[in-house]
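In: take this sequence and fold it.
(chains A and B)
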Amino acid sequence: MNGHSSTAKRAWTLLREERLFLLLSIFIGVISGLLVVSFRVAIEWFSVLFLGVAPGPHQHRLLLAPLIVGVAVSLLVRFVFPGVRGSGVNQTKAALYISNGYISVRTMIGKFLLSSLAIGSGQSLGPEDPSLQIGAGVASLIGRKAQLSRNRMRLFAPVGAAAGLAAAFNAPISAILFVIEEVIGKWSAGVLGSIVLGAVASVSVARWFWGAEPMFRVPTVELRDPRELLAYSVLGIIGGFAALLFAKLLAFLRPLLQRQPDWLRLLQPPLAGLLVGCIGYFGLPQVMGAGYGAIDQAMHAQFALKVLIALAICKIIATTLSFSSGTPGGMFAPTLFIGAMLGASVGSFEKMFFPHFTGSVGSYALVGMGVLFAAFLRVPLTSVFMVLEVSQNYSIILPVILANTIAYLISRSLQPVPIFEQLTHQDGLYLPSMEEEREDDPERIEDALRPVALPIVRGDEPIAALRAQLDSTLSAEAPAVLIRCSDGGWYAARKSELDLILSTQAETSIEAALNADRTPQIFPDQPLANALPYLQRWPVLPISNRARRDVLEGVVSLEDVLHRYQNAQH
Amino acid sequence: MLLVSTLVLYAVTSALFHSFTSRRRQTAEQYAEAGRRALAQHRADEAVADFRVALENEPGTDEDRELLADALAASHHEEEATSYYLALRETRPADGRINLQLARLYRRKGDSTQAVEFYRSAALGNWDDDGVEQRRKAQLELCDYLLERGDGPEARVEILAAAANTPETEVSDLAFGDMLLRADDVPGALLFYQKAAHLGPHSFQSLAKYGRLLFQTGAYADAARTLHEAEKHGDRATPGEAAVVRSMAADADRLQELALSPDLPAATLDQHLLTAGGIAKRRAEACAAAGGSGTPASTAASLQQRWHAAPALTAGHIRALAAPEKEALTQLIFETEIETARTCSAPTGDDALLLMLARRAAQTGSSNGAGAP
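Out: Residues are numbered from 1 along each chain as shown, chains lettered A, B, ... in the order given. Reported below is the predicted structural model:
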């Protein structure tokens, strides 16, 4: 009676925590949404304050603003908010895997303040990744206040991350997919519902303020000539190599700057800002800040081919400088910027030399954004949905899938270590690689399976029959007997257990002498690791056919499993 | 506690957001106004820059987006303007103005299929004010485009459709007549000019156009009457136009005196043969005497021989000729003018008029040189 009551109480507590978890996910979404809206507004305010309403070449403030603000940001990062360097994605992952999802309030505030100052002053960085970390910070804070268990706290950070990113992109599906692809690495039913709730809540808040308009508007794409897919394939190839160049530059410059003495590191953000400002001052102010205005202009074919190529190259340089200097800010927006410019370049080239193709420059720019996203950040699924969501234009789907896949494959083959992993290694951390985890092919039961060489008896027969069968067939080495029970289940009996059974009355049925439990139902396609917990209790595990449970595919023992793992290691 | 925190954060965010959006709106209005002024003063590049800032600050305004597209089109940023208009068309597919602008852009880019498609959409689309007139203008612009491309038959269909949708006035009939003439539909054009002349019996323009086309079709009597009527109302015409009409009227009068139609009364035909024969014979002799730079001697000699062999050009001789002989003489007159125009100097005066009759006769296969309208 007491046991029953405590089980019920535990189940009730669990259910209550589940519900609380879901409710808190909504709050995380709402608060993250509000913070992200404030964050974006802060960036815009700072941008107007530092760079003016219409920044243009040869305006001195383009040089001064990133330099002066860079000094302030550098000092604040060094002395007040040391945990806010970087984009926010790796920091969130680190919090998840190293400190059980803990992100301090100071880091959250620092990320908000310093990222908005840096981006507003013209550093070539974006607001999305910081939004992700701000969301994760909100989740961490709420989780701590609600005194959730360590396990729950670990689940909470991805909820906040998805909420923050969803609000920043106005794209709930992409945010959910990104968190699954890059932060937690797998589909987990336990957390998926909360992530969805959080993302939906945050996007609803963001849309309450910004409206439901898509981030980018391009006309419907009519793919009349399938040959045009070749042009999109070319875009995929160019995007793959551009992503490689971008990653290589970051991989070279960031550790180089990190190795410098402290006083020199303190100068890096203002110097990076000055160099980015120089690019703006001498003709390309579009590369400063997140650059969404320029992306929109590229989509509407405002830039000439040469300008588009120059913008893409300068943005790669500017973002490498800004990010490597340790200035807080994200890489999503610059990646989209570079992709849009490359896409628009291919589109403009096509318009010049193949005017009969129907794709607009805008459609190429849009596909280009997805291409860089897939190749540089290595999130192929997110990249496809991101393009669909930011444009709310489904007609682009075929070119997006094709070009993204090509770019992703090129990037993967030429740069085996993804950018986020490279960055964590540079920081001395070794977090799980989500790309590797996704592709990890676990050993399965069928790999360790061996044919049934054990005696099989029916459970409803009398013990005398068992004795007779054992006398006739069982060799002295046979470790166990498989008993097919009348309820359809199996029972693997050890030799010691058999001796006990055989000592009871001969007329009794075998089943009556067995324990109440049965060997678990296991099938050949299940992971091999699933068998391990049962092999302490059972000498062997019968492996059933999925179509006919009474038919055995084979058996596995502990030795078989270990043998398989050892062989696989070699 | 969580709820209170959320509400406080909402209040702060709202305050921040609203102050931000109101400032942006203000900036957007300021720059949009500057853009409108620049556009009105044909400073398209400035307008583009202003509208860009306006839209960056208030991206949702379709009106500014449309004005930016107009400015881009005016500053020859065809691709970008097209892209903006197409994006606007996504939400307003039946908007006549957007479709018309797209048609013009595709026309500039040389994409005739798209241009015609958008012109048709504009001609059927919704317009904010005076829809009937705007639709008609779009249709006429389409006709003009088709004519420019040399697609006469297609243009003719569109012109007639536009005419059917247009209330009949002298001006519209003249415009349709002009377009049909460009589409090589001379009978159609003549019909519209006639209607215009009927609606504006004192209008120099209508009478002149009608008379000139009658003249070109060989209906010299009607042409002369109409052109003289036009002359009477030529006080509003430019001196050049009036001179042309006067000259053409005189030519029409003279052509009636030179006409060699077998349908003419016998005495009149004889008189005309006598006059025209004399002119043609003198032309042949003059041509032979000049030697004609590069003139094949055989042609001039042959013509002279034929004139020697021809009946004497006196009233009595001509009156005595039978109908086939008169026909042969007419042929000789025409061939003389055609051959000498080819081998000697360009004809002037009566020779030019006779050449006109000869060519018309060759075209129509008749011998009289005067075609019916």
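In: output the contacting helices and strands for the helix or strand hosting A:Ala139.
Out: Using DSSP states H and E, A:Ala139 sits within helix A:128-145. Secondary-structure packing of helix A:128-145 (3 or more CB pairs under 8 Å, 6 or more residues apart in numbering or on different chains; DSSP states H and E): helix A:2-51, helix A:89-98, helix A:105-120, helix A:150-169, helix A:189-210, helix A:332-353. Glycine gets a C-beta too; all of them are placed from N, C-alpha and C.
In: make CSV from these and add distance to chain B, mean neighbour count and mean pLDDT to it.
Out: CSV is the format used below for the helices and strands packed on helix A:128-145 (distance: least, CB to the nearest CB, whole Å; neighbours: other CB atoms under 10 Å in any protein chain shown; pLDDT from 0 to 100):
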stretch, distance to chain B, mean neighbour count, mean pLDDT
helix A:2-51, 5, 18, 84
helix A:89-98, 21, 23, 84
helix A:105-120, 12, 23, 95
helix A:150-169, 11, 30, 86
helix A:189-210, 5, 22, 89
helix A:332-353, 7, 26, 91
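In: mind putting these into CSV with distance to A:Ile401?
Out: Rendered in CSV, the data for the helices and strands packed on helix A:128-145 read as follows (distance: least, CB to CB, whole Å):
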stretch, distance to A:Ile401
helix A:2-51, 29
helix A:89-98, 24
helix A:105-120, 31
helix A:150-169, 19
helix A:189-210, 23
helix A:332-353, 15
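In: looking at the ones you listed, which is closest to B:Thr275?
Out: Using CB to CB as the criterion, the shortest distance between B:Thr275 and the helices and strands packed on helix A:128-145 is 66.3 Å, found for helix A:332-353.
In: from the contact counts, what lies against the closest one?
Out: helix A:128-145, helix A:228-258, helix A:292-299, helix A:305-324, helix A:361-376.
In: how about 6 Å then?
Out: Helices and strands touching helix A:332-353, as assessed by 3 or more CB pairs under 6 Å, 6 or more residues apart in numbering or on different chains; DSSP states H and E, comprise helix A:228-258, helix A:292-299, helix A:305-324, helix A:361-376.
In: chain center to it: distance?
Out: Counting by CA atoms, centre = their mean, to the nearest Å, helix A:332-353 is centred 26 Å from the centre of its parent chain.
In: same question for stretch A:368-375.
Out: Taking the mean of its C-alpha atoms, stretch A:368-375 sits 16 Å from the chain's own mean (CA atoms, centre = their mean).
In: CA atoms only: put that stretch into CSV for me.
Out: The C-alpha atoms that make up stretch A:368-375 are tabulated as CSV, following Å, rounded to 0.1, in the frame of the first residue of the first chain:
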residue,chain,number,x,y,z
GLY,A,368,22.7,32.8,-51.9
MET,A,369,21.8,33.6,-48.3
GLY,A,370,20.8,30.0,-47.8
VAL,A,371,23.9,28.7,-49.5
LEU,A,372,26.3,30.5,-47.2
PHE,A,373,24.2,29.6,-44.2
ALA,A,374,24.5,25.9,-45.2
ALA,A,375,28.1,25.9,-46.1
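In: can you list contacts of that stretch?
Out: A:235-236, A:239-240, A:243, A:335-336, A:338-340, A:342-343, A:380, A:383, A:386-387, A:400, A:403-404, A:407-408, A:411 (CB atoms under 6 Å, 6 or more residues apart in numbering or on different chains).
In: now do 7 Å
Out: With CB atoms under 7 Å, 6 or more residues apart in numbering or on different chains as the contact definition, stretch A:368-375 has outside contacts at A:235-236, A:239-240, A:242-243, A:335-336, A:338-340, A:342-344, A:379-380, A:383-384, A:386-387, A:400, A:403-404, A:407-408, A:410-411.
In: ok, the residue in the stretch 251-373 of chain B that chain A sits nearest to to B:Gln216 distance?
Out: With distances taken as CB to the nearest CB, the stretch 251-373 of chain B approaches chain A most closely at B:Gln363, which sits 42.0 Å away. When distance is defined by CB to CB, to the nearest Å, B:Gln363 is 12 Å away from B:Gln216.
In: need the contact list for A:Ala167.
Out: Contacts were defined as CB under 7 Å, 6+ apart; by that measure A:Ala167 touches A:32-33, A:36-37, A:131, A:202-203, A:205-206.
In: and the residue lying closest to B:Gly277 once chain neighbours are set aside, which of the three is it?
Out: Here the nearest residue to B:Gly277 in space, its sequence neighbours aside, is B:Leu313; by CB to CB, 6 or more residues apart in numbering or on different chains that works out to 4.7 Å. Under DSSP: H, G, I helix; E, B strand; the rest coil, the three-state class of B:Leu313 is coil.
In: picking that back up, pick the most buried one from the helices and strands packed on helix A:332-353.
Out: A comparison of the helices and strands packed on helix A:332-353 by mean neighbour count, using mean count of other CB atoms under 10 Å in any protein chain shown, puts helix A:361-376 on top with a mean of 33.
In: which is the next helix or strand following that one?
Out: Using DSSP H and E, the first helix or strand after helix A:361-376 is helix A:380-391.
In: model confidence over that following helix, on average?
Out: With pLDDT averaged residue by residue, helix A:380-391 scores 89.
In: list the helices and strands that helix packs on?
Out: In terms of contacts (3 or more CB pairs under 7 Å, 6 or more residues apart in numbering or on different chains; DSSP states H and E), helix A:380-391 is packed against helix A:172-178, helix A:361-376, helix A:397-414.
In: export those to CSV and tack on distance to A:Ser472 and mean pLDDT?
Out: Formatted as CSV, the helices and strands packed on helix A:380-391 follow (distance: least, CB to CB, whole Å; pLDDT from 0 to 100):
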stretch, distance to A:Ser472, mean pLDDT
helix A:172-178, 61, 91
helix A:361-376, 65, 92
helix A:397-414, 60, 94
